[in-house]
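Engineer: turn this into a model:
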Amino acid sequence: MKYEIQIIRSKRKSIALEIKPNLQIIVRAPYRASDREIRQFVEEKSGWLEKHLAMARKRRAELESRQREPALTMEELRNLAEEAARVIPERVRYFAPIVGADYGRITIRNQKTRWGSCSGRGNLNFNCLLLKTPPEVLDYVVVHELCHRKEMNHSNRFWAEVERVLPGYRDARRWLKENGGDIIGRMVGD
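Structural biologist: Sure, this is the predicted structure:
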């Protein structure tokens, strides 16, 4: 079978396949890999690709068939932001000593693209829509941003720090990837 793929070359050591939620196929390859090597790799992985494309198509069809919840009103967003301004700083205060990180100002926003962020000055920003996620997902985002106070990147050291504090973080991260779009999709004006 012939696949339409996007090749992304970087300073990596091996070739890898990725299927995006929109069913786009990404091949990540080292700069030194030839087009022939990449084509051969994709052909060798065609069974894996077919299986995972079928699963992705099924997941996408299920998501599209789900009844989308109505958009949040401005009043609902304000109420969420007020509640988040109480809940999230408590979680930050709880996890900061466990992470071993200090922080500056905490800001609550309603954003369409981010769940949280950490500035170089140590200020933490969080999306009020985190209150629409399970508590362990909110905790994961808080820990993620606090760990950026120690590692301002997504290196192996960063992820090791997240895992030290939240050994089950991968489940929360997966939940956010699978369900976060539905929550953000409820923003007014979406």
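Engineer: if I look at the residue lying farthest from the centre of the chain, how far off is Asn125?
Structural biologist: Centroid-distance maximum for the chain: Arg36 at 32.6 Å, with C-alpha atoms, centre = their mean. Separation of Arg36 from Asn125 (C-beta to C-beta, to the nearest Å): 46 Å. (Each C-beta comes from the backbone N, C-alpha and C, glycine too.)
Engineer: do the same with Ser119
Structural biologist: Ser119 sits 8 Å away from Asn125, going by C-beta to C-beta.
Engineer: now do Arg170
Structural biologist: Taking C-beta to C-beta, one finds Arg170 at 23 Å from Asn125.
Engineer: Gly181 too?
Structural biologist: Taken as C-beta to C-beta, the span from Gly181 to Asn125 is 20 Å.
Engineer: more neighbours, these two?
Structural biologist: Remark: of Gly181 and Asn125, Asn125 carries more neighbours, 17 against 11, as counted by other C-beta atoms under 10 Å.
Engineer: C-alpha coordinates for the host helix or strand of that one, CSV please?
Structural biologist: Here Asn125 sits within strand 124-127, counting by DSSP states H and E. Only the C-alpha atoms of strand 124-127 are listed here, as CSV (Å, rounded to 0.1, in the frame of the first residue of the first chain):
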residue,chain,number,x,y,z
LEU,A,124,2.9,29.9,36.3
ASN,A,125,-0.1,30.1,34.1
PHE,A,126,-3.0,27.6,34.1
ASN,A,127,-6.1,27.1,32.0
